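K.L.:
kindly generate the corresponding structure for this input.
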Amino acid sequence: RLFVNVQMHVTLLMVATIYHLLAALNVHWLCGLDLPSAALAVAGVVWLHVFLKSLGDLAVLSYLNLGINVTLCGAVIAQTLRHPPATSPQRDIVVPDALSV
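P.N.:
As a prediction, this is how the structure comes out:
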């Protein structure tokens, strides 16, 4: 039981670290901040979730996160439809030389 709890928390910590780094890179590219400042800004915003008292409060945050993801997905689909590639992509099931891809 202890091993399962430790493994669960280590996995959550690794996933949170990856999301934090990805968010910091996005803030760095979008806002022009240097990377350490972007990481600190993301950490400051994310740190506020420790003040949420219940799972209901976290559910509101999850719905907000879901709305942002759906909006971004819609924006990517709209831009893909508005700006199709100049050449049609080539689809090969098996490629004899893996380095040629």
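
K.L.:
flag the shaky bits of the protein, pLDDT-wise.
P.N.:
101 (pLDDT under 70).

K.L.:
what about Leu13, neighbour count?
P.N.:
For Leu13, the neighbour count with other C-beta atoms under 10 Å is 10. Every residue, glycine included, has its C-beta placed from N, CA and C.

K.L.:
name the helix or strand for it, please.
P.N.:
Leu13 belongs to helix 2-31 when assigned by DSSP states H and E.

K.L.:
what comes up buried for that helix?
P.N.:
Neighbour counts over helix 2-31 (16 or more other C-beta atoms under 10 Å) mark 23-24, 27-28 as buried.

K.L.:
next, format the residues you listed as JSON lines and append distance to Leu55.
P.N.:
As requested, the buried residues of helix 2-31 are arranged in JSON lines below (distance: C-beta to C-beta, whole Å):
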{"residue": "Ala23", "distance to Leu55": "23"}
{"residue": "Ala24", "distance to Leu55": "27"}
{"residue": "Val27", "distance to Leu55": "28"}
{"residue": "His28", "distance to Leu55": "32"}
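
K.L.:
nearest to Val60 among those?
P.N.:
Val60 has its nearest neighbour among those in Ala23, at 19.2 Å by C-beta to C-beta.

K.L.:
show me what contacts His49?
P.N.:
58, 61 (C-beta atoms under 8 Å, 6 or more residues apart in numbering).

K.L.:
from Pro85, how far off is Pro36?
P.N.:
Distance, Pro36 to Pro85, by C-beta to C-beta, to the nearest Å: 36 Å.

K.L.:
of these two, who's got more company?
P.N.:
More crowded of Pro36 and Pro85, by other C-beta under 10 Å: Pro36, with 10 against 7.

K.L.:
for Tyr19, see how far away that one is.
P.N.:
18 Å.

K.L.:
same check, this time on Val4
P.N.:
Distance, Val4 to Tyr19, by C-beta to C-beta: 23 Å.

K.L.:
ok, Val45 next?
P.N.:
Counting by C-beta to C-beta, the gap from Val45 to Tyr19 is 12 Å.

K.L.:
got it, and Asn65?
P.N.:
For Asn65 relative to Tyr19 (C-beta to C-beta), the value is 11 Å.
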